[in-house]
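**Student:** no sequence on hand, only this structure:
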């Protein structure tokens, strides 16, 4: 089953191609070619066959179409489809003694067809080709204005490599970047059921008969094929969805097209949200490819009744059910919800029944009724009942505690005592009712500024009673004779309430802005630490303790629901917590981790920032553990690399002298040849050299293994350098080294055996690379409290960027032959030097060559040799 899946408006006939090229030439540039991809779920579904069938249809329409590269894999039906199509000759490349055929990009460009067929887009070209990957060849053809039809399997997409490996157990080495496939003008899915593909395999239509059984029992198992097919279908469906959204955006289509079930869940942050999410998930399961999108709409002023903790729980729930969570800002909640639903091309909206009480409907019909009325015929609106229906929304009440205890007390004193004091003062002077009302209103505003809404309301009520009793005829009675005065008192009370509400709202918003600024500074600090990766777990917990003025802070974790809690990190002098329930404040982080604090109980508004700290603490802990695992993995990888190199060394460098020894011994034992004394001596000398080489090689291997395992324990004692260095020259020809080691040098604190091995390895390496006739200089000198031994050669030298690499195990510089050793000498020398507290570095020799500088610790002054004073005495004599 095949089907084109995007951009069917692309025209492929030769007339349109010529028109496109002429138009591009008129504009001074070559138009880019179009790319069509036949995508399959597995080998053998018929991608190449479909591509060749498309080519025949185009040729019949008169399109200039050639086969740039197509591989029939000895499949008769595919091979027949190549008949009648022009094939561009392939390039022949030689690699490792074999000849391979690749697409000849230059030949295709010279041919300049309208359409080129290129099989296997993810193929890796043979070294020496024009490009490393075939998709790069295709990019060149497209840039030259050639339309390309190609094939690729879903497992070759770069982003799906891990998924395919988890399904099939096979890591795909040949991949193509997703962006190359996404940019295709057309993607055609070549689909086949797993049963049909296995039958095709069993009939020998895909692989040779001797490979069929192995393929059916491994890669082509029904489960593998079904999973790969689903992967291909979903990937193509997502691309179709992207093209559909682009089309709707370009053509400004606002109507909803129900091509796929998308269910939007409107959340308020209340406890009913979990019920709505689960209900939407069940609705999505009933439709093919259903998608759940939960959205919370916050007002732009930031004042909301939503619980951050409840929203976090609901976000986790919707993501666990395979949906997505979205946060939208909008003052008109119904309009914002409908705009979001139409923007994502949703087909259904799930809302909860209103939590408002009956009397609250006088303020409007509610969000649910408004959305249902305005949704239109394209959107289905589901109103779901829940346990919180008609229990009230729990709107936020202005809490005076935000203003501080002192301000609250002063607010009540002004609100209750101010009108009384003002009434006493006004009894001494007659200012008129209007002025009296303004003075009482000023006291009400002062109460609102100091104590908030409640003291202001009390001040307005008390001021109204005092105005009525003392200043409104009949005096000293709670009755009003003039109806105009009744209106004035009512207006006074209303204005007092209004002014108090506005002042209280401004005070609360100022407090909230200050708090949000403090929170933003803390969160900015956390974000900076996340980006820089600077804060450790203990430092972060100490920051939590200081920020919230707590006694102690600890991060607790456990392996499972019934496992005991353990402390992953703590800060502060407080008692050690055994479980989160013992703390004054605990914030869960996932299912098996919690941030616990002791000292005091935090208010609810502090828990939002505390939750961010808790999440960051979990991230820091995970990062530290991942770093530890990475370090262990790096050590294991280094060990594996050394073992692999060791095996490679043993396989050749150890085998070569053994083969020479065996050949010499076999020759000596042979009775067919009568060896002369000279020949016998030569064979024995060869055996001796081979044995010496084996001894040296095995010694280095053993020394390297000791260094790698950390079992080198140097026996440090004081010794003269001139006693050790000459002994290290026994392995090189006598006339190859020039020695310059003064007897007056201070003694050094070293292990004589390790020092001898280090110097011997350095000298042998220098002699190996020195030109014929140029001797290696070995000198020593004292600098401050160090003694330096220098091994100077006049060889080719080493670049600066390679001076450290030559001390790594199994490293050879340049074109050193295999017989030159396994590359352990310098690594062993540096390892022994560092074990004795010394250093070994490489420097350039002035005039060309390399100088090895072995720096050793000089022995303390009392331990100096008597030779240090004997030399001046001899000179005096």
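**Tutor:** Sure, I can see it. Predicted model only: the values in this text are computed from it and were never measured. Numbering: from 1, shown residues only.
**Student:** for the stretch 101-250 of the chain, what spans make up the helices?
**Tutor:** 105-111, 134-143, 161-168, 178-182, 194-202, 209-217, 222-250 (DSSP state H, counting those that start in this stretch).
**Student:** now do the buried residues in the last one.
**Tutor:** Think helix 222-250. Residues of helix 222-250 classed as buried by neighbour count (16 or more other CB atoms under 10 Å): 224-225, 227-229, 231-232, 235-236, 239-241, 244, 248. All C-beta atoms are positioned from the backbone trio N, CA, C, and that covers glycine.
**Student:** now those as a markdown table including pLDDT and distance to residue 103?
**Tutor:** Below are the buried residues of helix 222-250 laid out as a markdown table (pLDDT from 0 to 100; distance: CB to CB, whole Å):
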| residue | pLDDT | distance to residue 103 |
| --- | --- | --- |
| 224 | 85 | 30 |
| 225 | 88 | 29 |
| 227 | 87 | 32 |
| 228 | 89 | 27 |
| 229 | 89 | 29 |
| 231 | 86 | 28 |
| 232 | 87 | 25 |
| 235 | 84 | 26 |
| 236 | 85 | 26 |
| 239 | 78 | 26 |
| 240 | 78 | 30 |
| 241 | 71 | 33 |
| 244 | 72 | 35 |
| 248 | 67 | 39 |
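**Student:** would you mind measuring the gap between the ends of stretch 37-47?
**Tutor:** Chord length of stretch 37-47, first to last residue, is 9 Å (CA to CA, to the nearest Å).
**Student:** so how far is it from its chain's centroid?
**Tutor:** The chain centre lies 31 Å from the centre of stretch 37-47; the measure is CA atoms, centre = their mean, to the nearest Å.
**Student:** neighbouring contacts of that stretch?
**Tutor:** 2, 48, 50-51, 54, 121, 149-155, 181, 184, 186-192, 197, 200-201, 205-207, 219-220, 225, 228-229, 231-233, 235-236 (CB atoms under 8 Å, 6 or more residues apart in numbering).
**Student:** narrow these to those that are buried.
**Tutor:** 2, 48, 50-51, 54, 121, 149-155, 181, 184, 186-192, 197, 200-201, 205-207, 219-220, 225, 228-229, 231-232, 235-236.
**Student:** run through the bridge partners of the nearest residue to residue 726 once chain neighbours are set aside.
**Tutor:** Spatial nearest neighbour of residue 726, excluding adjacent residues (CB to CB, 6 or more residues apart in numbering): residue 739 at 6.7 Å. Residue 739 has these beta-bridge partners by DSSP bridges: residue 778.
**Student:** what's the average pLDDT for stretch 666-682?
**Tutor:** Averaged across stretch 666-682, pLDDT comes to 81.
**Student:** oh, that last question was meant for stretch 119-134, not what I typed.
**Tutor:** Mean predicted lDDT for stretch 119-134 stands at 89.
**Student:** now do stretch 444-464
**Tutor:** The average of the pLDDT scores along stretch 444-464 is 81.
**Student:** I'd like the numbering to begin with 17 instead of 1 from here.
**Tutor:** Okay, residue one is now 17; in that scheme the one you just asked about reads as stretch 460-480.
**Student:** what count of nearby residues applies to residue 589?
**Tutor:** Look at residue 589: counted by other CB atoms under 10 Å, it has 7 neighbours.
**Student:** who's in contact with residue 633?
**Tutor:** 553, 556, 557, 560, 571, 585, 605, 611.
**Student:** what is the nearest of these to residue 371?
**Tutor:** Closest approach to residue 371 among those (CB to CB): residue 605, at 29.9 Å.
**Student:** could you dump the buried residues of helix 238-266 to TSV with distance to residue 565?
**Tutor:** Below are the buried residues of helix 238-266 laid out as TSV (distance: CB to CB, whole Å):
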residue	distance to residue 565
240	59
241	62
243	55
244	58
245	60
247	53
248	58
251	53
252	57
255	54
256	56
257	51
260	55
264	54
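**Student:** if we can go back for a sec, OK, contacts around the residue nearest to residue 742?
**Tutor:** Neighbouring residues of residue 755 by CB under 8 Å, 6+ apart: 741, 742, 745, 794.
**Student:** and the furthest pair within the residues you listed?
**Tutor:** 742 and 794 (9.2 Å).
**Student:** higher neighbour count, the two?
**Tutor:** residue 794 (23 against 15).
**Student:** and the helices of the stretch 117-266 of the chain: which comes nearest residue 681?
**Tutor:** So among the helices of the stretch 117-266 of the chain, helix 225-233 is nearest, using CB to CB, at 45.8 Å.
**Student:** list the helices and strands the closest one packs on?
**Tutor:** Applying 3 or more CB pairs under 8 Å, 6 or more residues apart in numbering; DSSP states H and E, we find helix 225-233 packed against helix 210-218.
**Student:** elements contacting the helix it packs on?
**Tutor:** Looks like helix 210-218 contacts helix 225-233, helix 238-266 (3+ CB pairs under 8 Å, 6+ apart).
**Student:** what's the angle between the first one and helix 210-218?
**Tutor:** Between the direction of helix 225-233 and that of helix 210-218, the angle (axes from the mean of the first three to the mean of the last three CA atoms, to 10 degrees) works out to 160 degrees.
**Student:** relative to residue 627, how far out is the nearest residue to residue 608 once chain neighbours are set aside?
**Tutor:** The shortest distance from residue 608 to any non-neighbouring residue, by CB to CB, 6+ apart, is to residue 574 (5.1 Å). Look at residue 574 and residue 627: by CB to CB, to the nearest Å, they are 19 Å apart.
**Student:** got it, and residue 568?
**Tutor:** 19 Å.
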